[in-house]
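Participant: sequence first, predicted coordinates after that:
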Amino acid sequence: MALDLGMPILVVDDYQTMVRIIRNLLKQLGFEEVDDASDGTAALARLKNRKYGLVISDWNMEPMTGYELLRHVRADEALRTTPFIMVTAESKTENVIAAKKAGVNNYIVKPFNAATLKSKIEAVCGA
């Protein structure tokens, strides 16, 4: 199964430069439908208004972290199955374990490139 390049992707990061970097990497990979939100609260509002094929979220954000966003998504019957990739600058084992327990599909440690992003998306969205 090839990647669905038409699927909408939600990028969640409070750092606009990182949003631009991820958006550019996704465009390089051929994804056209990329929305963004600056924190977990804004992301949840977007998720309730549109069906996304993938969420790529930063871990460290205020006021709602990516981890809290993940827990909300997994607790919501309508959003529960949305593929979710967590992005973080820290590769702390306890964070990885907590995210896995909360139902994250994959994990990317910054910095990363298009090839890394593509392989993570393929692993999650079934290429």
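Facilitator: Noted; the coordinates are in hand. Values in this document were obtained by computation on a predicted structure and should not be read as measured data.

Participant: as a check, name the ranges of all helices in the chain.
Facilitator: In the chain, the helices defined using DSSP state H lie at 16-29, 40-49, 66-75, 93-102, 114-125.

Participant: how close does the residue nearest in space to the middle of the chain get to L70?
Facilitator: Relative to the mean C-alpha position of the chain, the nearest C-alpha, by C-alpha atoms, centre = their mean, is the one of I56, at 1.2 Å. To L70, I56 is 11 Å away according to C-beta to C-beta, to the nearest Å. Placement of C-beta: from N, CA and C, glycine included.

Participant: poorly predicted segments of the protein, please.
Facilitator: 1-2, 127 (pLDDT under 70).

Participant: how many neighbours does the closest residue to G30 other than its chain neighbours have?
Facilitator: Excluding the flanking residues, the one nearest G30 by C-beta to C-beta, 6 or more residues apart in numbering is L5, at 4.4 Å. Burial measure for L5: 13 neighbouring residues, criterion other C-beta atoms under 10 Å.

Participant: next: N105.
Facilitator: Neighbour number of N105 under other C-beta under 10 Å is 19.

Participant: how near is the residue lying closest to it once chain neighbours are set aside to A42?
Facilitator: Once flanking residues are discounted, N105 sits nearest to V124: 4.3 Å by C-beta to C-beta, 6+ apart. Remark: distance between V124 and A42 (C-beta to C-beta) = 22 Å.

Participant: reformat the helices of the chain as a markdown table; add mean neighbour count and distance to I9.
Facilitator: Listed next are the helices of the chain as a markdown table, based on neighbours: other C-beta atoms under 10 Å; distance: least, C-beta to C-beta, whole Å:
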| stretch | mean neighbour count | distance to I9 |
| --- | --- | --- |
| helix 16-29 | 16 | 6 |
| helix 40-49 | 17 | 11 |
| helix 66-75 | 20 | 14 |
| helix 93-102 | 14 | 19 |
| helix 114-125 | 17 | 8 |
